[in-house]
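In: Provided below for reference: sequence and predicted model.
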Amino acid sequence: MRDKSKGGEKYGIVLKFSKQKRVPLFDEAVCNYEAFKSRAPIFDKIMDALRDDNINSIGVVGIGGMGKTTLIKQVAHQAMQHHLFTKQFYLDLSRTHHTDELREEEIVKIRKKIAKMLGWEDEYWYGSDKAVKLKKRLKKETILIILDGNWKEIHDHLEEIGIPTSCKDDVNECKIVLTSRSDGGMLSNDMMMGAQTCFVVETLPPDEALTLFKNTVLAGADSVVEENITELIKECEGVPLAIVTIANALKDETMDVWKNALQHLKNCATMEGKKVVYSCLEWSYTHFKGDHDVKSFLLLCTVLGYDDISMDHLLKYAIGLDLFGPIDSLNQVRNRFFEMYDVVYDVVREIASKDPHPFVFREDVGLEEWSKSDESKRCAFLSLHCKVVPELPQQLVCPELQCFLLRNNNPSLNIPIPNTFFQGMKKLQVLDLSYMDFTTLPSSLDSLENLQTLLLVRCHKLKDIAFIGKLTKLQVLSLVNSTIRKLPNEMEQLTNLRLLDLQGNQQLEVIPHNVLSSLSKLEYLCIRLSDAKLLPKDIQFENLTIYAISIGFFCGSRKTPRTLKLNKVNISLDLGDGIRKVLERSKELEFGELSGTNYVIQYPLGGESFVKLKHLKVSRSPEIEYIIDSRDQRVLEHGATFPLLDSLVLDWMENLQEVWHGHPIPRGSFGNLKTLKVECCHKLRYLFSFSIAKGLSQLENITIQNCNAMEQIITYERELEDEYDEGGTNLDLFPNLRTLKLKDLPQLINFIPKLEANARPEDSVFNPKVSFSKLEKLELLWVPKLKDVWNPQHPFGSFSNLQILKYEA
């Protein structure tokens, strides 16, 4: 464990308890990965380098498909288990443009990714001052940054990005791990990417390669000729991805198919430039027996740049292209998405360019000539990036085109779209005009009778979208981060619309009464409104299954596909039946400045409500005295309250007196709670009663700070004293608690009192019959009334896993 002695300057005492016992090399709970003995030495060496204060940049290299990403993620997992770093950031840069000089837009893109992980969103990240700002922030903590899929030039630009490369004089140290694909051979200076130390991930030895192949394929094969296995293994050259790919493709196949695969690999081995991973992936793709639409979706991912595109964005394309045929709900499509290795991305992208109906990537130079070519008549997907030419041709004739992505990559160009431009694209189903600067939609859009997806993301100059009312087959409409002030009445005609994304549109002021209620097939809605009155009270949202509805809040990020955020809302006056039903089936709720009630959760008559709620945050609501008032009989009628709740955050609730008020809590309530944060609740004297605390068996993280009246975290109900077994040795409260932070609590006497009638409340912080056997980190900061932290009567094994203690009286 790396120990920074200077860290004591911030706290009165900082103790770190080092545990040198290594965790298993590959934890099955983290990922399903073969535990190769040959990888153990390099794994241990990387871990040692992370602990070495003289090393702040580490390189990991190897040919594509060797398992570098999986290895380094396992390293990060062990580093997290040992608390080597306060934060860990993983960035996949494998699809960043590999050029001799890193372009400014690529630098800004990386800055944005890091800033987002730090909680900074929607900021402008151009300019050297932003690099300085980012660097200062990264130096505030001990952070591990993994840059996966790099090339040798990246190290020269780390300071320009804002990643500190030397922190020797700082209390906190930022460590960087860089991975890069190599061509094999000896380790060279170019391969080291400027890292202080570098490790090469080697191919698997024959015995491990054979084991991996057999473990993958034999589950699906009745009989296999050993000779064919040996030859296939030899052709795979010990590359794990090649072995797994070909083995999976051969499950349940005949011997003729096995021989065909072997011959293909042998033929490719004689072709210059054909790598073994490419050969295996190419054969697997060609012989894929599954749904053809899955192959099309795989091609689509490569075209869009899989690392930078969200699942929701892919969903919009998939629906528009009918990639998965008729579907009952959008959730069916979301459940079929998958992850893609960088080397798979490269191979599939090359395959896409050779398709009989190719996926074409073009820049605007020579576009007029290309539009007359045979390729333009055959292409099914066109990605056109404008950089030089100031205007587009009057018409682009692509009769087979199904998907068209148009981008302006030169901000200095104001490229208008001619009104006749789309007339030669009768089969078009998906049109992405995001980031374009036109003010009105071209009239030729009405010729796109088959259009199902229209994306107009960040079209800041576009004000009038009434024309879209003619696109009656439209299923997906995205106006993310637009400046539309009014939804047009013509949207009533979009009766087939299933997905409407308006997130980030902060200027939306008018929604005509019948527009949203006319969208009877709507399943997906993202919208931010400044006032609840903009939402018609009679709207029902009967089919809505995916949503992020924000009233008064900025939408920001969301943790679940069902998120509702309400700010400055009178819960008794402003909400109609439709939005109340959305509230009741939400998985994430956030309330701010709530009024019209003295308790948060209001149950309707009949039915089950809030049973799927996973995240709840309530802040800045002075009228609120209780989160739940069980004197309302409807609470008890519903059985367990919040059975799936994962996190509870209470912030600046100045009049909050109790979380649960009234009758005893039903069994199973809060049973899944893992994270609890309470801050600035100055009338809260305790957090939970003993009867509630007994049910919090999954709780892992507790943070309580700046609560002036807090005397105890858990209070004891005297009426239950007769049921307490004084002979017991362990209360078994919070058996999974890993981190506990108690800060700035001037009245705090203890965490939980002794339950004996003659016990003094100030005997010690923790009841001696509470063991906290899994607690790893304990912070007690500015809690002046606390006396003894430890009690000699604690049972054996109490606090046995504690690694970090921070104490400031």
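Out: Received the coordinates, thanks.

In: Show me the contact partners of stretch 456-467.
Out: The contact list for stretch 456-467, computed with Cβ atoms under 8 Å, 6 or more residues apart in numbering, reads 433-441, 443, 445-446, 477-485, 488-490. All C-beta spots, glycine's among them, are computed from the backbone N, C-alpha and C.

In: now, which of those residues lie within strands?
Out: Among those, DSSP state E puts 477-478 in strands.

In: Which of the contacts of stretch 456-467 are buried? Put it as a ChimeraX command.
Out: Selecting the buried subset of those in ChimeraX, with 16 or more other Cβ atoms under 10 Å as the burial test, is done by:
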select :433,434,435,436,438,441,445,446,477,478,479,480,481,482,484,488,490
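
In: Is there a neighbour count for residue 510? I'd like the number.
Out: Per other Cβ atoms under 10 Å, the neighbour tally for residue 510 reads 11.

In: do you know how far the nearest residue to residue 693 once chain neighbours are set aside is from residue 749?
Out: By the measure of Cβ to Cβ, 6 or more residues apart in numbering, the closest residue to residue 693 outside its immediate chain neighbours is residue 714, 4.7 Å from it. Separation of residue 714 from residue 749 (Cβ to Cβ, to the nearest Å) stands at 12 Å.

In: check contacts around the residue nearest in space to the middle of the chain.
Out: Nearest residue to the geometric centre of the chain (Cα atoms, centre = their mean): residue 559, 7.9 Å. Contacts for residue 559 (Cβ under 8 Å, 6+ apart) come out as 587-588, 614-615.

In: Over to residue 277?
Out: Neighbours of residue 277 in contact, by Cβ under 8 Å, 6+ apart: 63-65, 239, 241-242, 245, 343, 347.

In: one step back: can you tell me which of the contacts of residue 559 is closest to residue 533?
Out: residue 588 (23.3 Å; Cβ to Cβ).

In: I figured that closest one was touching residue 557, is that so?
Out: No. Using Cβ atoms under 8 Å, residue 588 is not in contact with residue 557; the gap is 10.4 Å.

In: follow-up on the earlier one: tally of neighbours for the residue nearest to residue 693?
Out: By other Cβ under 10 Å, the residues close to residue 714 number 23.

In: Next, find the distance separating it from residue 777.
Out: With Cβ to Cβ as the criterion, residue 714 and residue 777 are 19 Å apart.

In: For the stretch 101-250 of the chain, which segments count as strands?
Out: 143-150, 175-181, 197-200 (DSSP state E, counting those that start in this stretch).

In: So what's the gap between the longest one and the chain middle?
Out: What that stands for is strand 143-150. 17 Å (Cα atoms, centre = their mean, to the nearest Å).

In: can you check the second one too?
Out: Using Cα atoms, centre = their mean, the mean C-alpha position of strand 175-181 is found 21 Å from that of the whole chain.

In: same thing with stretch 695-710?
Out: With Cα atoms, centre = their mean, you get 25 Å for stretch 695-710.

In: now stretch 53-60
Out: For stretch 53-60, the distance to the chain centre is 27 Å (Cα atoms, centre = their mean).

In: Identify each buried residue in that stretch, please.
Out: 55-60.

In: Turn those into a markdown table, columns for secondary structure and distance to residue 79.
Out: Below are the buried residues of stretch 53-60 laid out as a markdown table (DSSP: H, G, I helix; E, B strand; the rest coil; distance: Cβ to Cβ, whole Å):
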| residue | secondary structure | distance to residue 79 |
| --- | --- | --- |
| 55 | coil | 14 |
| 56 | coil | 14 |
| 57 | strand | 15 |
| 58 | strand | 11 |
| 59 | strand | 17 |
| 60 | strand | 14 |
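
In: Quick one: those as a markdown table, columns for distance to residue 368 and pLDDT too.
Out: Listed next are the buried residues of stretch 53-60 as a markdown table, based on distance: Cβ to Cβ, whole Å; pLDDT from 0 to 100:
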| residue | distance to residue 368 | pLDDT |
| --- | --- | --- |
| 55 | 55 | 89 |
| 56 | 52 | 88 |
| 57 | 48 | 89 |
| 58 | 50 | 92 |
| 59 | 46 | 90 |
| 60 | 47 | 92 |
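
In: still on that earlier bit, the residue nearest to the centre of the chain and residue 542, how far apart?
Out: Counting by Cβ to Cβ - residue 559 and residue 542 are separated by 25 Å.

In: Repeat that for residue 560.
Out: Remark: distance between residue 560 and residue 542 (Cβ to Cβ) = 20 Å.

In: from what I can see residue 178 touches residue 147, true?
Out: Yes. Between residue 178 and residue 147 a contact is recorded at 5.0 Å, counting by Cβ under 8 Å.

In: Need the overlap of contacts for the two.
Out: residue 154.

In: State the mean pLDDT of the strand or helix carrying the residue nearest to residue 693.
Out: Residue 714 belongs to strand 712-715 when elements are defined using DSSP states H and E. If you average the pLDDT over strand 712-715, you get 90.

In: ditto for stretch 238-253
Out: 87.

In: Start at 11, not 1
Out: Sure, I'll start counting at 11 from here, so that last one is stretch 248-263.

In: Show residues contacting it.
Out: Stretch 248-263 is contacted from outside by 44, 73-77, 213-216, 219, 222-223, 226-227, 229-231, 242-243, 246, 267-268, 271, 275, 286-287, 289-291, 293-294, 297-298, 351, 353-354, using Cβ under 8 Å, 6+ apart.

In: Can you show me the CA trace of it as CSV?
Out: Extracted C-alpha coordinates of stretch 248-263, given in CSV (Å, rounded to 0.1, in the frame of the first residue of the first chain):
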residue,chain,number,x,y,z
GLY,A,248,-1.7,-18.2,-29.0
VAL,A,249,-3.9,-15.0,-29.3
PRO,A,250,-6.8,-15.3,-26.9
LEU,A,251,-9.4,-13.4,-28.9
ALA,A,252,-8.6,-15.4,-32.0
ILE,A,253,-8.9,-18.7,-30.1
VAL,A,254,-12.2,-17.7,-28.5
THR,A,255,-13.7,-16.3,-31.7
ILE,A,256,-13.0,-19.4,-33.8
ALA,A,257,-14.0,-21.8,-31.0
ASN,A,258,-17.3,-20.1,-30.5
ALA,A,259,-18.0,-20.1,-34.3
LEU,A,260,-17.3,-23.8,-34.4
LYS,A,261,-19.7,-24.8,-31.7
ASP,A,262,-22.2,-27.5,-32.9
GLU,A,263,-20.7,-27.4,-36.4
